[in-house]
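In: sequence first, then the predicted structure, then my questions.
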Amino acid sequence: MTAPLPGYLLEVAGLRTAFHTRAGAVRAVDGVDVIVRRGECLGVVGESGSGKSVTFASVMGLIRPPGQIEAGTVRFDGQDLRTLSPRQMRAIRGRDIAMTMQDALTALNPALTVGEQISEVLEAHDEGLPRRGPARRRAITDRAVEMLRLVGIPSPTERLRQYPHEFSGGMRQRMMIAIALSSRPKLLIADEPTTALDVTIQAQVLELIADIRAKLGMSVVLITHDLAVVAEHCDRVMVMYAGEVVEEGPTQAVIGDPRHPYTKGLLASIPRPALRGEKIHPITGQVPELINLPEQCRFHSRCPEAGLGCLARIHMQSSGPGRKARCIRLHDGGEAHG
Amino acid sequence: MSLTKLVERLVQLVPVLLGVSVIVFLMMAMTPGDPVQIMIGDQNVSAAQEAQLRHDLGLDRPAYERLALFIGHAATGNFGESFYYKRPVAQVIAERLPATIELSVVALLIALMTAIPLGVLAAVKKNSVLDKLATVGSLLGVSLPGFWFGILLLMLFAVQLHILPVSGRMGFATSIKPITGFLLIDTLLRGDPAAFLDALKHILLPAITLGLPMTAVLMRVTRTSMLEVLRQDYITFAEAKGLSRTRILIRHALKNALIPTVSVAAIETGSLLGGNMIVETVFGWPGLGRLVVDSIFVRDYPLVQAAVLLYAVTYVLLNFVADILYTFLNPRVKL
Amino acid sequence: MSDAAVTRPTPSQSLLLRNLAVFAENRLAAGSAILVLIFVALALFAPLIAPQDPNATDLFRRLQPPAWQAGGDWAHVLGCDALGRDILSRIIYGSRVSMLVGATVVFIATSIGILAGLAAGYLGGWVDTIISRTVDILLGFPYLIFAIGLMAMMGAGLGNIILALVYKEWVIPCRVVRAETLATREQEYVEAARALGASNRHIMLREILPNILSPVIVVSTIRMANVIILEASLSFLGLGVQPPTASWGAMVADGRAFIMQAWWVSTFPGLAILLLVLALNVASQGLRDAFDPRFHE
């Protein structure tokens, strides 16, 4: 394996994660490659069950039995995370890679004050805090207040003593982001940061993440099923389907000219105010079960362009400058109908 | 929780306590036989004396008046005179109370100190040998008749191994002037470690016997709620923060898992009350439980009545405490 | 997905059989159920099974040890008590008291509890208020204390034990039935029956009851275990059936005086209680898993 290019912060190759159930092994992530450059925002799109959350839970080493990472390398900032001991991994989680979850209501501990939930991150990753005594406590409180201010929570000092249920939904989401960012990570994995929120608050939270990303110079992985969010906030996009990456490339290019039928389908199913009157085309059919999958294109059963050639193993291939897609029709020249 | 809500909850207890008192009164009133005759027993008394006694006891009044009188007296702690001891019932009970409270508290501590760690371990190491042993143990714990388990312990530790005493609160050789009535505390206050050890040896087996069913129940509750908590998103989020395993288990998981455990513990403490009678009988423990059992056989009804009422009121109050503890520990529930 | 899963769960014969099949697959639970049946057989056929007359005293056999110890013989396998009575035979006869009290109390209490719970849950209003208040008050007593208080006043005896336990026991099925009824009351098929003009009695007994019976049956098996321990506890305290009738609790109490020299007098009857109660508890857990999928972990 060659040394990672200086521009890459995260480089995942050949990742396979499976969940062993009584019915067989569910291959939730099946040979996924990911690249995140420094300072970049990568959008990861797919339906639920596409493996997008499991991929990044694997990156963070948060897969619990019956789940298991079976193969692949996860290089982060020059280190192979899969070779680290649990203790070394803990030192990286929360300090260098932070994560926010879909619903802050369930992700924040209901029995602990918000202050405690922020300061424990600082304590765990002790970065230049005074060793002990009141000075240490004061330094931690100051940092916590600073973080709450950064995410725009009013009267932060008083808020530290409150419990999560005393916050509104949007404020809770900000809280969670503040906790994730409190140790100034190099990479933030934001798993569906806006799904649980009202539309107006969604925009605020995304602006907040973009703002802080610019301020701290960190990379962001934005996991979402919403292509509109990706179009607005991400430099690059990666589309996942049934445990595989099916298309990736610069956001403008992929959204402006999707090459994989699934990406086309996703775009066609977005209601666009600008195109009012045009029909919305939802993708028919269901994501296949990820047990005992045959060696063929996984989108085959739902694909309007499928043909006999699709019944073989399909590899990612270049589909333009900096782009790749997993479809044999890429070079057919234009769209095939029927 | 606001004070008004607390008072509101307390007021809701009043009808229950009244109802409990009425039932205790009815138990007494249902009793076949004439209490006056029982009191007199073999003594030779004139009809006039008998009538006087009947009047003194209020037994010549209609039932509803006697009920009102009983509740009024009970509220002020006046339960009349014991037939057998010829002293105020309240006084006789008060003398026996420390022994029973001491035994119950030690049983409670033993139960909490074993059930919670075992429940947590069983949940963390789900499906391990330890978990399976704990499951079998808790099933045994609720199925073992306490009186028999106590006797088995006696046969093993007192008869076979000779390391623990058979009965009582203290050996004959030891004596201590009471301060609080709780021997474990008094011996320490008097600075007598030998006597403390003696008292500790005496209380060990009864407390284990009394605490066993509670240990079984609490372990089960702790395991279940711990498993439930470990599945929550906030545990994953805590892991994503890079916290240590210990901190996640203790601060994040246990703090939430203990909410049901603590309120079940308060309710189960009520079940210790019934167990007291059995355990005190098995181990010759001079507490309230044995006093009640003995009093039944000498037909000392005022004493039995007062004790049953005392047990019931304590039980109701413990359930109330369980309720309050639950809301107190759980910041989400606003009363 | 089959249609059966979406229509309402009728307690049809096939469902019952399927549940029983699930239950039988659980070896531990099925084994426990067989053990319970063995105890039932012991109680029913005690005179045929018991090797000796349970009340025949023989002072020459006072505290005779079990057969495998020095001084024992195979005519008295588990040894003899302080009056020289055969312990095995007394255990076999003692199962009659435990079984009779357990089954009768649970049956009467469950019947009362079902009626009271249905009335409280379905009719609501003042009926519910009265029943629920009574339940609250009875819940204010620790169970054993309540029974002991009643026994103290009524005097010992088999009938009084059953009465004393029923007075409080019915509260438990009553709460279960009331909660289930409240949940069932608004279901479509109940609404439909009401719209068709069915009487309250018909709706409660024919529409609601069959659908809430599973949890009630599950609860009653656990309760039987509890009632058997309670009876044994009362007998242990001397408040149960009167001597010389054999009862397990009283036998353990008799042995307490001889723990120094005759361990077997207390040990075997206690073991019988443990086995029966354990078997009932395990079997009821199996029943719960088979009949009420909601309880699955």
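Out: Right, received. Where do you want to start?
In: going forward, measure contacts and count neighbours with C-alpha atoms only.
Out: OK.
In: for the stretch 151-297 of chain C, just list every one of the helices.
Out: Taking DSSP state H, counting those that start in this stretch as the criterion, the stretch 151-297 of chain C carries its helices at C:158-169, C:171-185, C:188-195, C:200-202, C:209-236, C:248-256, C:264-291.
In: which other helices and strands contact the second one?
Out: Right, helix C:171-185. helix C:87-118, helix C:125-139, helix C:209-236 (3 or more C-alpha pairs under 8 Å, 6 or more residues apart in numbering or on different chains; DSSP states H and E).
In: so which of these gets nearest chain A?
Out: Across the helices and strands packed on helix C:171-185, chain A has its closest neighbour in helix C:209-236 (28.4 Å, C-alpha to the nearest C-alpha).
In: I'd like the average pLDDT over that closest one.
Out: What helix C:209-236 shows for mean pLDDT is 88.
In: please identify the buried residues of it?
Out: Buried residues in helix C:209-236, counted by 16 or more other C-alpha atoms under 10 Å in any protein chain shown: C:209, C:211-236.
In: which one of the helices of the stretch 151-297 of chain C is the most hemmed in?
Out: helix C:248-256 (a mean of 26; mean count of other C-alpha atoms under 10 Å in any protein chain shown).
In: on that earlier part again, need the helices of the stretch 151-297 of chain C in CSV with distance to A:Arg75, can you?
Out: Output for the helices of the stretch 151-297 of chain C, formatted as CSV (distance: least, C-alpha to C-alpha, whole Å):
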stretch, distance to A:Arg75
helix C:158-169, 65
helix C:171-185, 54
helix C:188-195, 58
helix C:200-202, 70
helix C:209-236, 54
helix C:248-256, 69
helix C:264-291, 47
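In: select from those helices the stretch with the lowest mean pLDDT.
Out: Across the helices of the stretch 151-297 of chain C, helix C:188-195 gives the lowest mean pLDDT, at a mean of 81.
In: ok now that one, how far from the chain's centre?
Out: 35 Å (C-alpha atoms, centre = their mean, to the nearest Å).
In: dump that helix to PDB, keeping only the CA atoms.
Out: Extracted C-alpha coordinates of helix C:188-195, given in PDB (Å, rounded to 0.1, in the frame of the first residue of the first chain):
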ATOM      1  CA  GLU C 188     -62.900  -2.300  16.500                       C
ATOM      2  CA  TYR C 189     -64.500  -5.700  17.100                       C
ATOM      3  CA  VAL C 190     -65.800  -4.500  20.500                       C
ATOM      4  CA  GLU C 191     -67.100  -1.300  18.900                       C
ATOM      5  CA  ALA C 192     -68.700  -3.400  16.200                       C
ATOM      6  CA  ALA C 193     -70.500  -5.600  18.800                       C
ATOM      7  CA  ARG C 194     -71.700  -2.500  20.600                       C
ATOM      8  CA  ALA C 195     -73.000  -1.100  17.400                       C
END
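In: doesn't B:Ala238 make contact with A:Arg90?
Out: No. Between A:Arg90 and B:Ala238 there is no contact under C-alpha atoms under 8 Å: 10.7 Å.
In: run the chain-centre distance for stretch B:253-270.
Out: With C-alpha atoms, centre = their mean, you get 16 Å for stretch B:253-270.
In: ok, and what's touching that stretch?
Out: A:110-111, B:108, B:120, B:214, B:218, B:221-222, B:225-226, B:228-230, B:235, B:314-315, B:318-319, B:321-323, B:325-326, B:329-330, C:142 (C-alpha atoms under 8 Å, 6 or more residues apart in numbering or on different chains).
In: check stretch C:246-265 too.
Out: Counting by C-alpha under 8 Å, 6+ apart, B:148, B:151, B:154-155, B:159, B:282, C:54-55, C:63, C:65-66, C:78-81, C:87, C:90-91, C:93-95, C:97-98, C:231-238, C:240-241, C:266-267, C:269-270, C:272-273 sit against stretch C:246-265.
In: returning to that earlier point: now do the shared contacts for A:Arg90 and B:Ala238.
Out: Counting by C-alpha under 8 Å, 6+ apart, nothing touches both A:Arg90 and B:Ala238.
In: ok, what's across the strand from the residue nearest to the spatial centre of chain A?
Out: The structure's chain A has its C-alpha centroid closest to A:Ile223; by C-alpha atoms, centre = their mean the separation is 3.3 Å. Beta bridges link A:Ile223 to A:Val44, A:Asp191, judged by DSSP bridges.
In: now the strands for the stretch 1-150 of chain A?
Out: A:8-21, A:24-37, A:41-45, A:67-76, A:79-80, A:97-100 (DSSP state E, counting those that start in this stretch).
In: the closest residue to A:Asp103 other than its chain neighbours: how many residues sit nearby?
Out: Excluding its sequence neighbours, the residue lying closest to A:Asp103 (C-alpha to C-alpha, 6 or more residues apart in numbering or on different chains) is A:Ala196, at 5.8 Å. When neighbours are defined as other C-alpha atoms under 10 Å in any protein chain shown, A:Ala196 has 16 of them.
In: same deal with A:Ala23?
Out: A:Ala23 has 8 neighbours, counted by other C-alpha under 10 Å.
In: pull the CA atoms of stretch C:73-90 into CSV?
Out: Extracted C-alpha coordinates of stretch C:73-90, given in CSV (Å, rounded to 0.1, in the frame of the first residue of the first chain):
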residue,chain,number,x,y,z
ASP,C,73,-33.9,-48.5,56.5
TRP,C,74,-35.5,-48.6,53.1
ALA,C,75,-39.1,-48.8,54.5
HIS,C,76,-38.6,-45.2,55.6
VAL,C,77,-36.5,-43.8,52.7
LEU,C,78,-36.3,-40.2,53.9
GLY,C,79,-36.3,-41.1,57.6
CYS,C,80,-38.7,-40.3,60.4
ASP,C,81,-39.7,-37.2,62.4
ALA,C,82,-39.7,-36.7,66.1
LEU,C,83,-42.8,-38.8,66.5
GLY,C,84,-41.4,-41.6,64.3
ARG,C,85,-43.7,-40.7,61.4
ASP,C,86,-42.5,-41.5,57.9
ILE,C,87,-41.2,-38.3,56.3
LEU,C,88,-41.7,-39.4,52.7
SER,C,89,-45.3,-40.4,53.3
ARG,C,90,-46.0,-37.1,55.1
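In: can it be said to contact chain B?
Out: No. Counting by C-alpha under 8 Å from any C-alpha of the partner chain, no contacts exist between stretch C:73-90 and chain B, the nearest distance being 15.9 Å.
In: residues contacting residue 62?
Out: The chain I'm using is chain A. Per C-alpha under 8 Å, 6+ apart, neighbours of A:Leu62: B:236, B:239-240.
In: meant chain C actually
Out: So C:Arg62 contacts C:80-85 (C-alpha under 8 Å, 6+ apart).
In: gap between it and C:Val265?
Out: The gap separating C:Arg62 from C:Val265 is 11 Å, by C-alpha to C-alpha, to the nearest Å.
In: excluding chain neighbours, what is closest to the residue nearest the centre of chain C?
Out: Residue closest to the average C-alpha location in chain C (C-alpha atoms, centre = their mean): C:Met224, at 1.3 Å. Nearest non-adjacent residue to C:Met224, counting by C-alpha to C-alpha, 6+ apart: C:Gly102, 5.3 Å away.
In: much appreciated, bye for now.
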